[in-house]
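Peer 1: Using only what follows, build the 3D model:
(chains A and B)
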Protein chains: 2
Amino acid sequence: MNGAQALMETLKRSGVSVCFANPGTSEMHMVRALDEGDGIRAVLALFEGVATGAADGFARMTGRPAATILHLGPGLANGLANLHNARRASSPVVNLVGDHPDYHQGFDAPLTSDIATLAKPMSCWVGRPSSAADLPRKGAEAAAAALAPPGGVATLVVPADCAWTENVTPSDPVRVPKRAVPDGAQIDKALGAIRKAKKIAFLLSGHALSERALYDAARAAKAVDAALYVELFSARVARGAGRVTPLRMPYFPEQIVQALNGVDCLVLAGARAPVAFFAYPNTPSELTPKGAEVVTLAAPQDDCEAALAMLAEALGAPPTADVAERKTPVLMDGALTPESAATAIARFLPENAIVSDESATSGLNLWPLLANAAPHDLLSLTGGSIGQGLPLAVGAAVACPERKVVCLHGDGGAMYTLQALWTMAREKLDVTTVIWSNRSYRILGVELMRAGATNPGPTAMGLVGLDNPPLDWTQLAKGMGVNAASCNNARSFAAAFESAMSKRGPMLIEAIV
Amino acid sequence: MNGAQALMETLKRSGVSVCFANPGTSEMHMVRALDEGDGIRAVLALFEGVATGAADGFARMTGRPAATILHLGPGLANGLANLHNARRASSPVVNLVGDHPDYHQGFDAPLTSDIATLAKPMSCWVGRPSSAADLPRKGAEAAAAALAPPGGVATLVVPADCAWTENVTPSDPVRVPKRAVPDGAQIDKALGAIRKAKKIAFLLSGHALSERALYDAARAAKAVDAALYVELFSARVARGAGRVTPLRMPYFPEQIVQALNGVDCLVLAGARAPVAFFAYPNTPSELTPKGAEVVTLAAPQDDCEAALAMLAEALGAPPTADVAERKTPVLMDGALTPESAATAIARFLPENAIVSDESATSGLNLWPLLANAAPHDLLSLTGGSIGQGLPLAVGAAVACPERKVVCLHGDGGAMYTLQALWTMAREKLDVTTVIWSNRSYRILGVELMRAGATNPGPTAMGLVGLDNPPLDWTQLAKGMGVNAASCNNARSFAAAFESAMSKRGPMLIEAIV
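Peer 2: You can find the predicted model right below:
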């Protein structure tokens, strides 16, 4: 077999079962290799940011890396924004980036660029084989690097000649370390800090957001009357009826300062101490209360589930925690608002759904309402680079074909990677997308005011407005083969959403709010 | 004034008149600064690749840099593919990339990334001010770096605190060197090589593709019976009736080898010796005939116009060159094909139009047919990163509001940056877009065969096909506020194109071929 075939066989042995691809000429041998055997499923994306975001969504739902196929430096560049988000989610991803052979590099052909340098800021591992024979081994290393806790983005540059050279042998998987279970000393340290504190807060993220981990965290928090927080933008959190309902860290720094006011012990599991998302002239960057003791019960790469169970045990926590009841909110009437739409979503969301949430300013009502919805997984925008929600939904739907995926997305962000709709149509993915059409970068209107522009001029307002002309999301969706409806009152939205939940396949609802 | 205002005033003094922006929170003070004075025109893009490609188009038509405003590392990343193309076009561009203040960097907030490293591969200059007071000076240096011949991409990272700090003084422009006029020795060297050669070819690109430069090149070529070639993918070339008609370098390496067979002297002006676009197992990378003397009459950063005039003089060339006649091709009947569409385009293209051409495989008939169309400028995909044509058309239309812009685009490539259509609608740009809808990455079908896949399987074919589902470009355009029509026969296309040429404002024609 040739290098490309040996690479795909190696990746298969390493647990890669899906490849989100946007290939070009230099990747043709990899494309051919996907043709063969009962190997890796190939999913075409029409833009690289869709491929990388989909790989992130797949990883969040399976814990396994998907591969991407990207076309040299510019193809990788188009995928970097969602790799940034994947990196912040600690999602395992294996990028296969085609390149010219080494002997062709010096001629500086038009598509030549420094791929390794482009890859570095978003990757935990970057490799390039020294020969075709070395390619499979590098593929196994890439998969292992992606899977090493807490998970990360590995980028393998694949020179075309390494892919086309014959008589290459696949590699066996490289061993991946397990998440470290904290030792007694680590638990004792946390216990010591907790025992001498007056006001305690737990802050969870990553591996600490599973149903089990949250339950044990809630037990421990109950034992010592601690506030239980989760990070605002989490890769995946178990939510809904039957699960515990943690508090969510707010967004603006002054809100976080207020939330943590008086806390003298902050216990971290899978999370880092809170910092401001953006800097502002008169607010701090570090948001932990001065003098508070910060204790890391479990780092992002640790076994946070085990750590929280051990802590609950050590604290003699009660065996049960309070969990959310299932509530069926009463539908609202009148014009569609983010609140009335969220009410309908919470009411009709089916059991075991996956919610890819990039609602931005329109999503404020979702967190409290969805606490009492049917149990589901919530995936958030982890790195702040908008345009992640639609690709994430693609990857989640490929990973979990039996589960309904609901993508809730601001209109501004959705425009970055709207090509994802085409992949949903092509693969007949069971994704219902709700576009919050407020025809603006609403958050930037808020930020303009925070920047002191109490009376912004027409140019500044123009740069945060999407109303001239308005986007027609039903036409955009239909143009890519996805059925769509537009709703501007609460009842019609509820009916459209209820109907979408009762059917399978891709659907888009434009929510005019 | 604050740092952002001083920066904008500095850029204005340095010749920047337009800013293609996709800002976020960290750029709000720059957005506010655009509100003030009679300064820089702000054009909003809904995706960063539109902003950077538009800056490239603006530069190609004016020789001056536009600014872009991009949101931290991920925003820059989304713009890199078209910055790659801009770099290959030697287009001056000034990127303003917002970032966290230095004091906020260490906290690794979600949007933190290594911006300078991301910028480097596509930039000739990367800077970050040491303080707010230093920001304007860095802005002036960025503009000068972008303008230094042959022109390039300069990236200035703008920490938010440098933008918001008050009492900052603007800088005066930094001196930009002029293109070097070749000295007598350089001309003599070329003369010597030409005089002893049996078969001569000229290869032109960049600054050597103006109407004047091409004319003098044709006179010189006529004097010594040389073949006159231009690079296949040129930033901008003067074409049509009344201009000389050079040969165009072919695409595949074996075609170039054949074209240059027997040449023993290759004279370069603004161009580099030909190399293969991609490497293949059995073709060379370097395509200059073995043993041929390669002489650089003028490098890309030199005054190629002056050099070609001097060479013509030194050769005692005839005072006139052959120029193309205006021919009005007869319209074809029947189903729409790339040929019948190209015939209509050549017939109805108005005087002084700008053609942004990313036709890919559908464009084969355009080059010969457009030679005898009304005089126009042709802009090509310089770096091979598809998704450049629509943004380029935006920038060209902003630069030249009195000229009709015609964008000819393959459907696969157009999907990368379709958000450009919205900016065309918003700014009421006079752009007619023709989408070649062949529902495939057709070139990849060819490349699959070249890769030896004479009988590709369903997975490989699926990865080069866009037919399942088909894209409906009229709906995609209308969804973004651009009027659109779909044509599948030669007559209806000709009528739609003729009509679009007689009106102003954005229009899209889907050419089903």
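
Peer 1: Only C-alpha atoms from now on, for both contacts and neighbour counts.
Peer 2: Fine.

Peer 1: dump the residue contacts of A:Met501.
Peer 2: Neighbouring residues of A:Met501 by C-alpha atoms under 8 Å, 6 or more residues apart in numbering or on different chains: A:348-350, A:404, A:432.

Peer 1: mind giving me CSV with these and columns for neighbour count, distance to chain B and pLDDT?
Peer 2: Shown next, in CSV, are those (neighbours: other C-alpha atoms under 10 Å in any protein chain shown; distance: C-alpha to the nearest C-alpha, whole Å; pLDDT from 0 to 100):
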residue, neighbour count, distance to chain B, pLDDT
A:Phe348, 21, 28, 98
A:Leu349, 24, 28, 98
A:Pro350, 20, 28, 98
A:Lys404, 28, 22, 98
A:Thr432, 27, 18, 98
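
Peer 1: buried ones in stretch A:198-208?
Peer 2: Within stretch A:198-208, the residues that count as buried by 16 or more other C-alpha atoms under 10 Å in any protein chain shown are A:199-208.

Peer 1: Inside helices: which ones of the contacts of A:Met501?
Peer 2: Here DSSP state H is the test, and these give A:Phe348 as lying in helices.

Peer 1: Including distance to A:Leu214, could the contacts of A:Met501 go into CSV?
Peer 2: Shown next, in CSV, are the contacts of A:Met501 (distance: C-alpha to C-alpha, whole Å):
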residue, distance to A:Leu214
A:Phe348, 24
A:Leu349, 21
A:Pro350, 22
A:Lys404, 23
A:Thr432, 28
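
Peer 1: Tell me the confidence at A:Asn95?
Peer 2: Listed pLDDT for A:Asn95 reads 98.

Peer 1: Which strands and helices lie in contact with the one helix or strand it maps to?
Peer 2: Element membership for A:Asn95 (DSSP states H and E) is strand A:93-99. In terms of contacts (3 or more C-alpha pairs under 8 Å, 6 or more residues apart in numbering or on different chains; DSSP states H and E), strand A:93-99 is packed against helix A:48-62, strand A:66-71, helix A:72-88, helix A:135-147, strand A:153-159.

Peer 1: A:Thr296 against A:Asp302, yeah?
Peer 2: No: shown here, A:Thr296 and A:Asp302 do not form a contact pair, counting by C-alpha atoms under 8 Å, at 10.4 Å.

Peer 1: The most centrally placed residue in chain A: what secondary structure?
Peer 2: With distances taken as C-alpha atoms, centre = their mean, the residue of chain A nearest its centroid is A:Ala235 (4.7 Å). When classified by DSSP: H, G, I helix; E, B strand; the rest coil, A:Ala235 comes out as coil.

Peer 1: all helices for the stretch 151-300 of chain A, in order.
Peer 2: Remark: helices assigned in the stretch 151-300 of chain A by DSSP state H, counting those that start in this stretch are A:160-164, A:184-195, A:211-223, A:253-259.

Peer 1: List the buried residues of the last one.
Peer 2: When burial is assessed from 16+ other C-alpha under 10 Å, helix A:253-259 yields the following buried residues: A:253, A:256-257, A:259.

Peer 1: In what element of secondary structure is the closest residue to A:Thr474 other than its chain neighbours found?
Peer 2: In this structure, A:Thr474 finds its nearest non-sequential neighbour in A:Ala484, 5.0 Å apart by C-alpha to C-alpha, 6 or more residues apart in numbering or on different chains. Per DSSP H and E, A:Ala484 falls inside strand A:483-487.
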